[in-house]
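Enquirer: Whatever this is, show me its structure:
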Amino acid sequence: MVLTIDDMSFGVGQNLTIAGKVKSDCNSFSINIGHGPDSIALHFNPRFKYNKDRKVIVCNSYLGSWGVEQKERDFPFNQDGDFKVEFSFSNDRFLIKLPNGNMIDFPNRSGDDKFKHLHVKGAVKLHTIEFRYTPPQCALTGWGISCTHLLVFLHHYKGKSQVQSASHSTGTLNHITDKMVLTVKDMTFKAGQELSISGKVKSGCEKFSINIGHDADNIALHFNPRFCYNGDTNIIVCNSNQGGWGEEVREHGFPFQHDEAFKVTINFNNEQFYIKLPNGTMMSFPNRHGDDAFNHFDVRGDVKVEGIKMK
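Expert: Alright, predicted model coming up:
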């Protein structure tokens, strides 16, 4: 598994772009869109060498059982090569834009107009997941840039805000127990890169977190906006976990609102993480691991993630 998103609504009128790099030993990989692992409306499966298939794209659906495969011989993927695939759909069909610009389509056998589950599996590394809104008249006609509005942007920035350190880790559990929204297990985030996360806070959210590290129990940055949790009200708590939680850093500037969109941009070096908040202000947190690359990233809590991009 490379990536799983369980609560990222993808609806008619949106485009989903997934970009990354195929690993040199990849035999096949898949992008699955649906309601869950047992309800897949689109199984998009490029196969370099799998069973008897050689350089073919297989599309299918799993709605209680696998349907009839659709095979596409146009195969613009290369091992150790970059790729970008774009998806759009209506109640009748999915449209898929391949890396070479050619289009293929696959019937929307579920007939649904919204899906919340996205799953990518196989020997690939991802660097971009983004949503764009496409007006209805443009949704199935070539996906011209003039018809789209990009929901994810990246910014370069300088400076940081003043933060307050707490003497102990109040209210931080040994394990984060919030509902998982998104997990990325093989999307390397390196010093000097920027990671942008955009989404929407749900109306009843008490808190959510963005976690960056080596795995779920080895977290270099735990970024945790708290609306109302364990005595904290409208505060951002940052921490790290290396066999146990460290000292909290607290930021009282709180530019998050229930039922409103947000965007957070993060970069880092061996000494510090720098976090650009939705209002444009900066805060920092020490890179206590001292590492220059992390491959685990997750988002938890009552938020909907609408876009992720790395640069």
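
Enquirer: any low-confidence regions in this protein?
Expert: 1, 133-181, 186-187 (pLDDT under 70).

Enquirer: Which segments of it make up each domain?
Expert: Domain segmentation of the chain under automatic domain parsing yields 3-150, 164-310.

Enquirer: Let me have those domains in a markdown table, adding mean neighbour count as columns.
Expert: C-betas here are computed from N, CA, C, even on glycine. Below are these laid out as a markdown table (neighbours: other Cβ atoms under 10 Å):
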| stretch | mean neighbour count |
| --- | --- |
| domain 3-150 | 17 |
| domain 164-310 | 18 |
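
Enquirer: residue boundaries of the strands in the stretch 1-150 of the chain?
Expert: Shown for the stretch 1-150 of the chain, the strands assigned by DSSP state E, counting those that start in this stretch span residues 3-5, 10-11, 14-22, 29-36, 39-50, 53-63, 70-72, 82-89, 93-97, 103-107, 114-115, 117-122, 124-133, 149-150.

Enquirer: quick one: contacts for the residue nearest to the spatial centre of the chain?
Expert: The central residue of the chain, meaning the one whose C-alpha is nearest the mean C-alpha position (Cα atoms, centre = their mean), is Ile308 at 4.6 Å. Contact analysis of Ile308 by Cβ atoms under 8 Å, 6 or more residues apart in numbering lists 128-130, 152, 182, 184, 195-198.

Enquirer: Kindly report the same for Ile275.
Expert: Under the criterion of Cβ under 8 Å, 6+ apart, the contact partners of Ile275 comprise 223, 238, 264-266, 282-285.

Enquirer: repeat that for 10 Å
Expert: Neighbour list for Ile275: 157, 160-161, 210, 221, 223, 236, 238, 251, 264-268, 281-285 [criterion: Cβ atoms under 10 Å, 6 or more residues apart in numbering].

Enquirer: Next, find the distance separating it from Ile212.
Expert: Here the criterion is Cβ to Cβ, to the nearest Å. By it, Ile275 lies 10 Å from Ile212.

Enquirer: so what's in contact with the two at the same time?
Expert: Contacts common to Ile275 and Ile212, judged by Cβ under 10 Å, 6+ apart, are 221, 223, 266, 268.

Enquirer: Can you tell me which of these is nearest Asp302?
Expert: Taking Cβ to Cβ as the measure, Phe223 is the one of the shared contacts of Ile275 and Ile212 closest to Asp302, at 15.4 Å.

Enquirer: For the nearest residue to that closest one once chain neighbours are set aside, which three-state class applies?
Expert: Leaving aside its chain neighbours, Phe223 sits nearest to Ile210 (4.4 Å; criterion: Cβ to Cβ, 6 or more residues apart in numbering). Per DSSP: H, G, I helix; E, B strand; the rest coil, the secondary structure class of Ile210 is strand.

Enquirer: these two touch, right, Phe297 and Ile212?
Expert: Yes - if you go by Cβ atoms under 10 Å, Phe297 and Ile212 touch, sitting 5.4 Å apart.

Enquirer: what sits in contact with each of these two?
Expert: Taking Cβ under 10 Å, 6+ apart as the contact criterion, the common neighbours of Phe297 and Ile212 are 184, 189, 195, 221, 266.

Enquirer: Contact partners for the closest residue to the second one other than its chain neighbours?
Expert: Counting by Cβ to Cβ, 6+ apart, Phe189 lies nearest to Phe294, which is 5.0 Å off, once chain neighbours are set aside. The neighbourhood of Phe294, defined by Cβ under 10 Å, 6+ apart, consists of 187-191, 195, 211-215, 218-221, 268, 287.
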